[in-house]
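Trainee: Okay, predicted coordinates and the sequence, questions at the end:
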Amino acid sequence: MSLPSEVKIYEVGPRDGLQNETQNIPTDIKIELIERLADAGLTYIEATSFVSPKAVPQMADHNEVMAGITRKEGVTYAALIPNERGMENALQSGVDEVAIFASASEEFSQKNINCSIEESYVRFAPVMEMANAANIPVRGYVSCVAGCPYEGEVAPEKVAEVAKHLYDMGCYEISLGDTIGIGTPDRIRTMLEAVMATNIPAEKLALHCHDTHSHALTNIEEGLKMGIAVVDSSVAGLGGCPYAPGASGNVATEDVLELLDKLGITTNINKKAVLDTAEFISKHLQRGSS
Ligand code: HMG
Ligand code: MG
């Protein structure tokens with residue numbers, strides 16, 4: 001298969017990037033981050049999550065973040081939703097899109113959202129109904145697609161089963177998460193083949209790679225060769241999941257833009273503005289940008 005001519009970047013920095021930070025990040029810094037990303041040309045931004053503040057204290061200011069953003073036309077401001085309660089709150093805050101998140105590993109599901117994979121489908125059913133009634137698109141994440149921090153190996157067939165379940169529930173796009181960044185190109189290819197064998201079209205799939213072992217870019221390139229045209233990334237390579245020991249940052253948005261440039265795939269994203277945004281947030285978090 002040839003490379004896609006266009007790639008959509010789904011920016012997860014304000015949510016996946018910041019959720020694991022233990023230091024207090026003022027709400028206005030989060031808002032400025034989101035606004036800078038939108039100004040840089042990113043059109044899909046996961047702005048926050050409506051999860052329990054006991055589970056992820058950093059996202060407790062979800063209402064204030066959503067209310068504080070000056071919205072830019074053409075930008076989708078999305079949020080991660082664990083249950084009906086989160087969805088109610090998210091709808092009130094005026095989200096444009098939501099994402100539900102399941103896992104291909106039972107143990108990670110328990111640790112992350114305190115229920116089994118099957119139970120998570122039951123929790124997500126009313127969320128889907130509420131989204132449909134409000135005309136809000138729903139994205140579906142599958143975590144641990146290349147392995148689990150607790151169970152180790154995760155069968156590609158299990159990833160395919162969970163992906164298909166979310167797709168059949170009505171998710172318009174399925175984002176396949178290498179939560180702890182242990183994928184290799186071979187593993188990613190085998191996993192994608194299994195998912196595609198369930199008849200989810202390649203254009204409905206996204207790759208969400210954490211970069212723990214610096215394989216994210218080669219894994220993404222492998223995915224692009226297989227027809228994947230949506231890539232999740234996080235400005236400055238921020239990120240991690242508090243319930244996935246060993247998960248480091250997501251692949252950096254600026255590095256994905258470099259890769260796409262190298263492959264001759266254009267985007268309407270201003271690389272310099274993304275780099276400036278990486279510097280802005282890195283300075284704030286007192287770490288070097290990637
Ligand atoms: P639980 O303890 O089973 O739920 O948690 P519960 O219904 O018993 O509620 C417990 C408490 O939380 C109650 O408060 C609820 O009111 C409250 P209390 O009575 O004790 O004072 N609560 C809420 N508060 C605000 N908003 C809500 C909400 N729901 C309950 N929506 C639950 C279950 C799912 C809520 C919890 O485990 C949770 O929030 N987990 C989220 C964990 C998380 O955000 N992880 C990181 C994101 S996933 C990720 O990073 C992976 C991804 O990037 C892809 C990849 O990399 O693979 C997406
Ligand atoms: Mg993630």
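Mentor: On my side now, so go ahead. Ligands and ions are numbered 1, 2, ... in the order given.

Trainee: Do you know the pLDDT at the nearest residue to residue 218 once chain neighbours are set aside?
Mentor: Nearest residue to residue 218, sequence neighbours excluded (Cβ to Cβ, 6 or more residues apart in numbering): residue 185, at 5.4 Å. (Each C-beta comes from the backbone N, C-alpha and C, glycine too.) Residue 185 carries a pLDDT value of 97.

Trainee: which stretch of helix or strand covers the residue in the chain that ligand 1 sits nearest to?
Mentor: Ligand 1 sits closest to residue 177 of the chain, with a gap of 2.3 Å, by Cβ to the nearest ligand atom. Assigned by DSSP states H and E, residue 177 falls within strand 173-178.

Trainee: Neighbouring strands of that strand in the sheet, and parallel or not?
Mentor: Strand pairing for strand 173-178, using DSSP bridges, gives strand 138-143 (parallel), strand 205-209 (parallel).

Trainee: which parts of the longest helix seen in the chain are buried?
Mentor: Counting by DSSP state H, the longest helix found in the chain is helix 117-133. Residues of helix 117-133 classed as buried by neighbour count (16 or more other Cβ atoms under 10 Å): 117, 120-121, 123-124, 127-128, 130-131.

Trainee: Identify the residues contacting that helix?
Mentor: Under the criterion Cβ atoms under 8 Å, 6 or more residues apart in numbering, residues 81-84, 86-88, 91, 98, 100, 102-104, 106, 109, 113, 115, 137-138, 162, 165-166, 169-170 lie in contact with helix 117-133.

Trainee: ok, and of those residues, which contact ligand 1?
Mentor: 82-83, 86, 113 (Cβ under 6 Å from any ligand atom).

Trainee: which two of those lie the greatest distance from each other?
Mentor: Using Cβ to Cβ, the pair of these lying farthest apart is 86 and 113, separated by 10.7 Å.

Trainee: Point out the residues in the stretch 151-290 of the chain that sit beside ligand 1.
Mentor: Residues of the stretch 151-290 of the chain lying near ligand 1 (Cβ under 6 Å from any ligand atom): 177, 179, 208, 210, 241, 243.

Trainee: My guess is the fifth one contacts residue 18. True?
Mentor: By that I understand residue 241. No. The criterion here is Cβ atoms under 8 Å, and residue 241 misses it with residue 18 at 11.9 Å.

Trainee: returning to what we had before: which of the contacts of helix 117-133 count as buried?
Mentor: 81-83, 86-87, 91, 98, 100, 102-104, 106, 109, 113, 115, 137-138, 162, 165-166, 169.

Trainee: From the residues you listed, which land in strands?
Mentor: 98, 100, 102-103, 138 (DSSP state E).

Trainee: Can I get these in CSV including distance to residue 279 and pLDDT?
Mentor: What follows is those, written out as CSV (distance: Cβ to Cβ, whole Å; pLDDT from 0 to 100):
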residue, distance to residue 279, pLDDT
98, 30, 98
100, 33, 98
102, 35, 98
103, 34, 98
138, 34, 98
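
Trainee: Is it possible to get TSV of those that adds distance to residue 76?
Mentor: Below are those laid out as TSV (distance: Cβ to Cβ, whole Å):
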residue	distance to residue 76
98	11
100	16
102	21
103	24
138	12
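
Trainee: What residue, apart from its backbone neighbours, is nearest residue 61 spatially?
Mentor: residue 27 (4.7 Å).

Trainee: okay, now the one you found: neighbour count?
Mentor: Neighbours of residue 27 under the rule other Cβ atoms under 10 Å: 17.

Trainee: repeat for residue 199
Mentor: Neighbour tally, residue 199, other Cβ under 10 Å: 8.
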